[in-house]
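**Student:** Show me the folded form of this:
(one chain, ligands or ions: 1)
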Amino acid sequence: MSTDHLKIQFKLHPVPECLLSRNPPPHVNSIEQYKKLYEESIKNPTEFWGKLANELLTWHTPFQTVLSGGFEHGDVAWFREGQLNASYNCLDRHAIKNPDKVAIIYEADEPGQGRKITYGELLRDVCRFANVLKAHGVKKGDTVSIYMPMVPEAAIAILACARLGAVHSVVFAGFSPGSLRDRILDASSKIVITADEGCRGGRTIHTKKIVDEALLGCPGVEHVFVFRRTGSSVPFSSPRDVWWHDELEKHRPYCPPEIVNAEDPLFIIYTSGSTGKPKGVIHTTGGYLLSAAATLKYVFDYHEGDIMGCMGDIGWMTGHNCIIYGPLANGGTAVLFESTPIYPTPSRYWEVVSKHKITQFYTAPTAIRLLRKFGREYVDPHDLSSLRVIGTAGEPINPDAWEWYNEVVGRNVCSVIDTYWQTETGSVTVTSFPGATATKPGSATFPFFGIDLAILNPDTGEEIETTEAEGVLAIRRPWPSMARTIYNNHNRYLDTYMRPYKGYYFTGDGVGRDHDGYYWIRGRVDDVINVSGHRLSTSEIESALIMHPATAEAAAIGVYNEIKGQCVQAFVTLKPNSDDTDVKDLILQVRKFIGPFAAPEKVYIVNDLPKTRSGKIMRRILRKIVEGQTDSLGDLSTLANPNTVGTLIEEVKNS
Ligand code: 6R9
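**Tutor:** Have a look, this model is predicted:
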């Protein structure tokens, strides 16, 4: 692959002087220190992670073996003899010393309606709810599905599961009944935790109704705990349904933590892959918690008194890590934000920053692009002087959006961090360090501690060893928070991550490395579409479209979109006598089956789809046609029906 484009000189932003002269200084305060620590983490991982695990976590039983196992069989185990409890690490040890310190700042959808929850209160509520779950039969190893709006009770539910050693499976509350059903069934949860309704951006979401619809297909669910968020009357079927507040009152606010093994699962989180149904990624207690704690400390340069403002949803990996486990494991304070960046106005984020004196602010590039469109007049009037580190995750950030974020939000005195990671990596994988790395807008820069990156030639699987390189991104050795398996499908885990390139973990992303060794994440090389940082697979969308009675065949593609990064577009061929099918119905089909965020922006009804002789739809061709690049369609020789291309170009033009 050509690497000429890597020679372009990008503007280098040094670490802002004011950050280096702070007292206390950043945890990593020079590039030399980063290099030294990184080298230690690679040369001597046992010592490096062993030391950090004892520094950042409290163990009930000490571990003796730091790492065993490897990629080949997927039998990686970190801290194997060690025993601990995640909720003890996130709550008790801080609440004992500092019960009045604020753990969670709840910023409700309507400004002014939130509240603050101290470590003492959070511990009591978590214990109470853990006792509720226990009284309903939940025990170590059971799975519990959580489908909740962004309210503190979601955090309480998560930590109550962790307290009992039960495995939580949080499902993003934007998913449809069908998607929720699939995730409850796959996880075999007998318990679901939800709310009557949700509030987001001034709109009401009928959460309980969605759950009820999902549960029509889940006969194994025994109890649904319903938190009252709005108080509206909602369908309620006793004895299956139980009110959160009624139960809570019955129980004592202390519950001893269940001590689990470091390798016992802490949670399942579902994510999309290139094929098949969503994967239930498993994260374990010791390794995951250590990396979550280390990310907050080093990547966000967390110090005592800081306020972490992660705008992501707890239903995604970012929320698990940067709202719950990372901040709380460090005894820090996290903001839990229920609303959107533009409700009630596009100033909302900045009002929240100045109101709560947020020090670390974290969001997705899509939000930055959106707010940039509204203009700096929504940012400028607000006091953002508390900010020190501003970050993004979830998708590549365009250099323009980066510069705007740095100048308008960061006022050139903050560190801007572009953090690359995945649900499967469990914690940040490529990132700059606020006090150490000179940044190049659009580059996630360098690997985090212990992450041994390799760039592979996608065709041969050989490692490209030159500094300048372009290929696919892989990781050479295990790190503590890597996913250990896919729930009930270890073979799929090996097939997806370990087998594509023997000896490596395969990320599924394309990457470049420039002459200075900076990494540039290019995006997915598989059939994963990234809409506003939400991962979707082409096959999920196609399956939804095919369920429509008029659809014969469907193909979904990701197309460049200025705000969302990518949006979904789809091509559909119809069954005979279905010519009166309304495109709106097809779009609705996807909204209904997956969720509103997955709805295609456009559906083209066409005569035929371009296919290889073996019957594979060539989505690459569809993408080029939609993007107007019809003169660079590439090799069409494998097409079974080359004539379709001309017809498709016309059909897209005329639609
Ligand atoms: C944490 C999270 C993972 C995929 C990943 C990649 C893309 C994430 C990125 C980025 C470029 C960044 N991605 N961060 N691409 N720069 N800083 O987002 O997890 O939802 O599993 O998505 O997102 O393509 O493979 P997840």
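**Student:** Show me what from the stretch 351-500 of the chain comes close to the ligand.
**Tutor:** Ala393, Gly394, Glu395, Pro396, Asp418, Thr419, Tyr420, Trp421, Gln422, Thr423, Ala444 (Cβ under 6 Å from any ligand atom). From N, CA and C alone the C-beta is placed, and that goes for glycine too.
**Student:** now for these, which pair is the farthest apart?
**Tutor:** Farthest pair in those (Cβ to Cβ) is Asp418 and Thr423. Separation: 17.9 Å.
**Student:** The two: which is more packed in?
**Tutor:** Asp418 (25 against 18; other Cβ atoms under 10 Å).
**Student:** Wait, that one touches Val389, no?
**Tutor:** No - contact criterion Cβ atoms under 8 Å: Asp418 and Val389 do not qualify, at 11.7 Å.
**Student:** circling back: make CSV from the residues of the stretch 351-500 of the chain next to the ligand and add secondary structure and pLDDT to it.
**Tutor:** Formatted as CSV, those follow (DSSP: H, G, I helix; E, B strand; the rest coil; pLDDT from 0 to 100):
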residue, secondary structure, pLDDT
Ala393, strand, 96
Gly394, coil, 92
Glu395, coil, 90
Pro396, coil, 88
Asp418, strand, 97
Thr419, strand, 98
Tyr420, strand, 97
Trp421, coil, 97
Gln422, coil, 97
Thr423, coil, 96
Ala444, coil, 97
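**Student:** Looking at those residues, which is nearest Ile158?
**Tutor:** Thr423 (15.8 Å).
**Student:** Tell me where the stretch 301-450 of the chain has helices.
**Tutor:** 317-319, 326-329, 348-356, 365-374, 399-404 (DSSP state H, counting those that start in this stretch).
**Student:** Let me have those in TSV, extended by mean neighbour count, distance to Tyr504 and mean pLDDT.
**Tutor:** As requested, the helices of the stretch 301-450 of the chain are arranged in TSV below (neighbours: other Cβ atoms under 10 Å; distance: least, Cβ to Cβ, whole Å; pLDDT from 0 to 100):
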stretch	mean neighbour count	distance to Tyr504	mean pLDDT
helix 317-319	24	21	97
helix 326-329	28	27	98
helix 348-356	21	38	98
helix 365-374	20	27	94
helix 399-404	18	29	94
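**Student:** Tell me how far the residue nearest the centre of the chain lies from Ile307.
**Tutor:** The chain has Met317 as the residue nearest its centroid, 3.3 Å off, counting by Cα atoms, centre = their mean. Going from Met317 to Ile307 by Cβ to Cβ, to the nearest Å gives 21 Å.
**Student:** Need the nearest residue in space to Tyr106, chain neighbours excluded.
**Tutor:** Using Cβ to Cβ, 6 or more residues apart in numbering and skipping residues adjacent in sequence, the residue nearest Tyr106 is Gly114, 4.3 Å away.
**Student:** Can you check the pLDDT for Gly276?
**Tutor:** On pLDDT, Gly276 comes in at 67.
**Student:** what do you get for Lys134?
**Tutor:** With respect to pLDDT, Lys134 scores 98.
**Student:** likewise the one 5 residues further on?
**Tutor:** The per-residue pLDDT reported for Lys139 equals 98.
**Student:** How about it, nearest residue that isn't a chain neighbour?
**Tutor:** Leu164 (6.5 Å).
**Student:** And that neighbour, its phi and psi?
**Tutor:** Main-chain dihedrals, Leu164, degrees, to the nearest 10: phi -90, psi 0.
**Student:** Next, count neighbours for the nearest residue to Lys602 once chain neighbours are set aside.
**Tutor:** Among residues not flanking Lys602 along the chain, Gln569 sits closest, at 4.7 Å (Cβ to Cβ, 6+ apart). Residues lying near Gln569 (other Cβ under 10 Å) number 23.
**Student:** Helix, strand or coil: sort out Gln569 for me.
**Tutor:** Counting by DSSP: H, G, I helix; E, B strand; the rest coil, the backbone at Gln569 sits in strand.
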